[in-house]
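Undergrad: Structure for the following, please:
(one chain, ligands or ions: 1)
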Amino acid sequence: MEIYLVGGAVRDTLLGRPVHERDYVVTGATADELLAQGYRPVGKDFPVFLHPQTHAEYALARRERKTAPGYHGFVTDFSPDITLEEDLLRRDLTLNAIAQRADGSLVDPYGGQADIAARTLRHVSPAFSEDPVRVLRVARFAARFAPLGFTVHESTLTLMQRMVTDGEVAALVPERVWQETVRALRESQPDVFFEVLRACGALAVIFPEVDRLFGIPQSPQWHPEIDTGLHVMMCLRRAAALDAPDTVRFAVLAHDLGKGATPQQQWPKHLMHESNGVPLVQALCSRLKVPTAFRELALMTCKQHLNVHRAQELRPTTLLELLENCDALRRPERFSELLLACQCDAQGRGGREHWPYPSREYLEAARAAAAAVQLSEAQIATLAGPQIAKLLRERRIETLRELKR
Ligand code: CTP
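TA: Next up, the predicted model:
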């Protein structure tokens, strides 16, 4: 039996990045032999075992053959005569197909180290196309390693394009698409994820609402970058630079979907794009089964981003309505996330990355001031429910009027 460290741990060590998880591959052994040594079996599809002490994952070397579309149509062979090279051959990218022996020496039959040196994401073999999730994985790795200078190799992009035209990408289940998307949103250059998907045609299949934005002009007065798709990418870059949480990044992605529905005669204006965006955000979220917290913030950002931008121009009553519509007094954290998403929108524009965004501070102050308004115990005791609500609103409006001064 031979044991090798494989996958992300070897790659990240070579890149000088922290290692989060150690996966091992075992050749020349059977499941029974591992069980006899105290390894605990996990997973129903493949024979994977947890080490009795370290709990790291150990998988028997395997060979896979595709039998049907989608990622369930596999026949897997994990007999003890399967070599390490065969196991590495079915992996996605060369930089993920390097193995390390216990003595530290590397086994790198497919040129992973050379591709790391050349900053290239390249598929190992034609077997790449047997798993459509890999289209998303490559885009995600491109987003992660873009700051190091990595790009997708032309031949890999061509293969990904073919997987899109063959309908493989359309067959992906929503859970996997969302899982990869949310991980990509957290990467250091999430915009690269969407750019790579666009380059291979997958964006039009998975995120048609986002794909459509490329080529749609906006008014140069507000958007020196002109192109709506480019604007959204710049907003994502800004969100990453501001270290925004994943919910905010998703809201940023979805905030301008309504611009894709503007009749062409109106370009470069986008009247009502906030309300026009709502059904598109809803459609995207239900299709991908996006979790509630992400969906709520995305819808709110889509509806309210222009109101947030012009907050300082709003009359006190309208300002309170904005706070109420956002449920800002009961959900202050989510309201702060909305403001951050709007900041990314304002600063994700050509040459405006470092423009100040006073709306954020102003609305935080407005929320705090409105929340601080209290009625006395005597007032609460003597007034009926609707009167209490009315008085509270009046006091809040008064407070917001003072804030404006
Ligand atoms: N792998 C693959 N195809 C997939 C999923 C995984 O070839 N669709 C292989 C790759 O060799 C990968 C390894 O299995 O390196 C482990 O996969 P995973 O833990 O998902 O990814 P990591 O490469 O460890 O990356 P991350 O840092 O994102 O966890």
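Undergrad: hmm, the lowest-mean-pLDDT helix or strand in the chain touching the ligand?
TA: Lowest by mean pLDDT, DSSP states H and E among the helices and strands of the chain is strand 63-66, with a mean of 78. No - against the ligand, strand 63-66 shows no contacts by CB under 6 Å from any ligand atom, the least distance being 9.8 Å. The way it works is simple: take the backbone N, C-alpha and C, and place the C-beta from them, glycine included.
Undergrad: Buried residues, that strand. List them.
TA: 63-64 (16 or more other CB atoms under 10 Å).
Undergrad: If you count contacts, what does it end up packed against?
TA: strand 74-77 (3 or more CB pairs under 8 Å, 6 or more residues apart in numbering; DSSP states H and E).
Undergrad: and the lengthiest helix in the chain, how far from the chain's centre?
TA: Assignment by DSSP state H gives helix 385-404 as the longest helix of the chain. Taking CA atoms, centre = their mean, to the nearest Å, one finds helix 385-404 lying 40 Å from the centre of the chain it belongs to.
Undergrad: which helices and strands sit right next to that helix?
TA: Looks like helix 385-404 contacts helix 316-325, helix 358-372, helix 377-382 (3+ CB pairs under 8 Å, 6+ apart).
Undergrad: And the average pLDDT for the longest one is what?
TA: Mean pLDDT, computed over helix 358-372, is 97.
Undergrad: and if you look at the first one?
TA: If you average the pLDDT over helix 316-325, you get 97.
Undergrad: which other residues reach that helix?
TA: Outside of helix 316-325, the residues within contact range by CB atoms under 8 Å, 6 or more residues apart in numbering are 303-304, 307-308, 311, 314, 328-329, 335, 363, 366-367, 370, 393, 396-398, 400-401, 404.
Undergrad: Which helix or strand lies directly C-terminal to that helix?
TA: helix 332-347 (DSSP states H and E).
Undergrad: Output that following helix in CSV, but only the C-alpha positions, please.
TA: Output in CSV follows, covering the C-alpha atoms of helix 332-347 (Å, rounded to 0.1, in the frame of the first residue of the first chain):
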residue,chain,number,x,y,z
PRO,A,332,-30.0,47.0,11.6
GLU,A,333,-27.3,44.6,10.4
ARG,A,334,-29.2,43.8,7.2
PHE,A,335,-29.7,47.6,6.7
SER,A,336,-25.9,48.1,7.1
GLU,A,337,-25.4,45.5,4.4
LEU,A,338,-27.8,47.2,2.1
LEU,A,339,-25.8,50.5,2.5
LEU,A,340,-22.5,48.7,1.8
ALA,A,341,-24.0,47.1,-1.3
CYS,A,342,-25.1,50.6,-2.4
GLN,A,343,-21.6,51.9,-1.8
CYS,A,344,-20.2,49.3,-4.1
ASP,A,345,-22.7,50.3,-6.7
ALA,A,346,-21.7,54.0,-6.4
GLN,A,347,-18.0,53.3,-6.4
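Undergrad: Remind me what it packs against, helices and strands.
TA: helix 228-241, helix 246-254, helix 292-309, helix 358-372.
Undergrad: which of those helices sits most buried?
TA: Most buried of the helices and strands packed on helix 332-347 by mean neighbour count (mean count of other CB atoms under 10 Å) is helix 246-254; its value is a mean of 27.
Undergrad: name the helices or strands packed onto it?
TA: Against helix 246-254 (3+ CB pairs under 8 Å, 6+ apart) you get helix 174-185, helix 228-241, helix 273-288, helix 292-309, helix 332-347.
Undergrad: can you put the ones you listed in a markdown table and add distance to residue 77?
TA: Shown next, in a markdown table, are those (distance: least, CB to CB, whole Å):
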| stretch | distance to residue 77 |
| --- | --- |
| helix 174-185 | 24 |
| helix 228-241 | 42 |
| helix 273-288 | 34 |
| helix 292-309 | 39 |
| helix 332-347 | 48 |
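Undergrad: In JSON lines, list those helices along with distance to the ligand and mean pLDDT.
TA: Below are the helices and strands packed on helix 246-254 laid out as JSON lines (distance: least, CB to the nearest ligand atom, whole Å; pLDDT from 0 to 100):
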{"stretch": "helix 174-185", "distance to the ligand": "7", "mean pLDDT": "98"}
{"stretch": "helix 228-241", "distance to the ligand": "17", "mean pLDDT": "98"}
{"stretch": "helix 273-288", "distance to the ligand": "19", "mean pLDDT": "97"}
{"stretch": "helix 292-309", "distance to the ligand": "20", "mean pLDDT": "98"}
{"stretch": "helix 332-347", "distance to the ligand": "25", "mean pLDDT": "98"}
